[in-house]
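Quick one, structure for this:
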Amino acid sequence: MKPDIHPDYHPIVFRDRQANFQFLTRSTMTSDQSIEWEDGNTYPVVDIEISSASHPFWTGRQRLIDTEGRVEKFYARYGQRQN
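Okay, the predicted model is just below:
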């Protein structure tokens, strides 16, 4: 590998304030804020809007779409085509 061409890859905490969830991982992102983690070390922290703890698909709070009603409305408006 060529020296000095890769970005700084370091530990960082991502925090989802909506779900009160945070996780430690490695990233090239930087932040001016920092947080003390469970191991006693201080890491930069980045606030995120959605994580697996707050995403509707992963939490089971997703909306179901009534596709049958939409198809019936289409047929009522335009009629069913005869072949």
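
which residues are in contact with stretch 20-32?
Stretch 20-32 is contacted by residues 7-16, 35, 37, 43-46, 51, 53-54 when judged by C-beta atoms under 8 Å, 6 or more residues apart in numbering. (Each C-beta comes from the backbone N, C-alpha and C, glycine too.)

Select from those residues every entry located in helices.
In this view, the contacts of stretch 20-32 have no member that belongs to helices under DSSP state H.

mind listing which of these are in strands?
If you go by DSSP state E, the contacts of stretch 20-32 have 10-16, 35, 43-46 in strands.

Just send these back as JSON lines, with distance to G79 too.
Below are these laid out as JSON lines (distance: C-beta to C-beta, whole Å):
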{"residue": "H10", "distance to G79": "63"}
{"residue": "P11", "distance to G79": "62"}
{"residue": "I12", "distance to G79": "58"}
{"residue": "V13", "distance to G79": "58"}
{"residue": "F14", "distance to G79": "52"}
{"residue": "R15", "distance to G79": "54"}
{"residue": "D16", "distance to G79": "48"}
{"residue": "I35", "distance to G79": "61"}
{"residue": "Y43", "distance to G79": "62"}
{"residue": "P44", "distance to G79": "61"}
{"residue": "V45", "distance to G79": "58"}
{"residue": "V46", "distance to G79": "54"}
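
Out of those, the closest to Y78 would be?
Closest to Y78 out of the ones in strands among the contacts of stretch 20-32 is D16 (44.4 Å), distances taken as C-beta to C-beta.

And for that closest one, the neighbour number?
18 (other C-beta atoms under 10 Å).

re the thing from before, between all of the ones in strands among the contacts of stretch 20-32, which two are at the greatest distance?
Across these (C-beta to C-beta), the longest gap, 20.2 Å, separates H10 and D16.

Relative to the whole chain's centre, how far out is the longest helix belonging to the chain?
Longest helix in the chain, counting residues (DSSP H): helix 67-78. Averaged C-alpha coordinates place helix 67-78 at 33 Å from its chain's average position (C-alpha atoms, centre = their mean, to the nearest Å).
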